[in-house]
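Asker: The sequence and its predicted three-dimensional model are supplied below.
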Amino acid sequence: MTLAIVPVDLARARRFIAEHHRHNIPPQGHKFSAGLMSDGELVGVVVVGRPIARNLDDGATLEVTRTCTDGTKNGNSMLYGAAARAAKALGYRRLITYTLAEEPGSSLLASGFRVEAEVAPAASWSRKSRPRLDLDLFSNERRPTGPKRRWVREL
C-alpha cells in the first residue's frame, strides 16, 4: 500500500468528511485542504483554515479544522504533517487544532504537536426559558460541546 498526499478541493474534502467523520460535520470554508490517496483511492483529508477563536486569529496562526480518514494506518499523522509543512511554506508560524478531551491525540503527538490548553465546554444556547438543541447553524446537526484540548505545533 502506497500512501501519497494530493491536492483536494474543499467540496471533495467536505463530501469525504460527511461520509466518514465519526462525530463532526464538514467545515464551511478553508485556506487549503489536502487528501491522502492509497492505490488510487481517497482514504483521508485535512482541512486548514483561520482559527475559529477570534483571539487566536493573529495572521500568523492557522487551524486544522478537520482531519478525517477511513482508518488507514498512520493516515492522520501524515495529514497533520502535510498541513504543517504547507502552512510553514505559506509563511505561517503556528498551527493549532482541537480534540475532544477523551481522545488521546496519538496522531498529533506523532506529528510534532503538543497540548497547549484544556478548553472548557462550549456554552449551550439552551435556557430554561427558551430550550434549544445545540445544533450547527447551517446544517441543524448536533455538534460536540464537551471539553476539548487545544494542540499547537510551532512552525
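Answerer: In hand now; what should we look at?
Asker: List the contacts of the residue positioned nearest the centre of the chain.
Answerer: The centroid of the chain falls nearest to Arg66 when counting by Cα atoms, centre = their mean (2.3 Å). Counting by Cβ atoms under 8 Å, 6 or more residues apart in numbering, Arg66 touches Ala13, Ile17, His21, Asn24, Pro26, Pro27, Val45, Val46, Val47. For glycine as for every other residue, the C-beta is placed from the backbone atoms N, C-alpha and C.
Asker: Excluding covalently adjacent residues, which one is nearest to the third one?
Answerer: Nearest non-adjacent residue to His21, counting by Cβ to Cβ, 6 or more residues apart in numbering: Cys68, 4.7 Å away.
Asker: returning to that earlier point: what residues are bridge-paired with the residue nearest to the centre of the chain?
Answerer: Val47 (DSSP bridges).
Asker: So for stretch 59-72, what gets flagged as buried?
Answerer: Thr61, Leu62, Glu63, Val64, Thr65, Arg66, Thr67, Cys68, Thr69, Thr72 (16 or more other Cβ atoms under 10 Å).
Asker: In CSV, list these along with distance to Glu102 and pLDDT.
Answerer: Converted to CSV, those look like this (distance: Cβ to Cβ, whole Å; pLDDT from 0 to 100):
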residue, distance to Glu102, pLDDT
Thr61, 25, 98
Leu62, 25, 98
Glu63, 20, 97
Val64, 19, 97
Thr65, 20, 92
Arg66, 18, 92
Thr67, 17, 93
Cys68, 18, 93
Thr69, 19, 93
Thr72, 22, 94
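Asker: Out of the residues you listed, the closest to Arg93 would be?
Answerer: Among these, Thr61 lies closest to Arg93 (Cβ to Cβ), at 7.0 Å.
Asker: show me the contacts for the closest one.
Answerer: So Thr61 contacts Pro51, Tyr92, Arg93, Arg94, Leu95, Ile96 (Cβ under 8 Å, 6+ apart).
Asker: what bridges to it?
Answerer: Arg94.
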